[in-house]
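>>> coords below, sequence missing:
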């Protein structure tokens with residue numbers, strides 16, 4: 001069974017290669033989402049999580065958006081877990 005986790009993110013901007021978000025709410029068990037696909041509310045895959053970095057309480061997330069995919073940084077995003 002596939003499980004989707006809602007990501008509570010605040011969009012900060014673009015780095016050279018990735019989109020950078022800050023978490024609004026964090027649970028240490030979510031550290032397993034690195035390299036997982038990211039989906040919109042419509043379950044359209046838009047990219048994947050590259051890295052989690054920064055403070056342990058509210059880390060930053062680097063996300064690579066797939067080429068030719070547009071996204072609204074204010075949308076809700078979900079990560080697919082195994």
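That came through fine. Here the structure is a predicted model, which means the values were calculated and not measured. Residues are numbered from 1 along each chain as shown.

>>> so what's residue 33 closest to, chain neighbours aside?
Among residues not flanking residue 33 along the chain, residue 79 sits closest, at 4.4 Å (Cβ to Cβ, 6 or more residues apart in numbering). C-betas here are computed from N, CA, C, even on glycine.

>>> Relative to residue 16, how far out is the one you found?
Distance of residue 79 to residue 16, given as Cβ to Cβ, to the nearest Å: 23 Å.

>>> So the two - more neighbours on which side?
residue 79 (22 against 4; other Cβ atoms under 10 Å).

>>> Could you list the paired strands of the strand ranked longest in the chain along with their orientation?
For the chain, the longest strand by residue count, based on DSSP state E, is strand 45-53. Its sheet considered, strand 45-53 pairs with strand 37-39 (antiparallel), strand 60-65 (antiparallel) by DSSP bridges.

>>> any low-confidence regions in the protein?
1-2, 82 (pLDDT under 70).

>>> can you map out the helices along the chain?
For the chain, no helices are identified by DSSP state H.

>>> returning to what we had before: wait, which of the strands paired with strand 45-53 is closest to residue 3?
Nearest of these to residue 3, taken as Cβ to Cβ: strand 37-39 at 12.0 Å.
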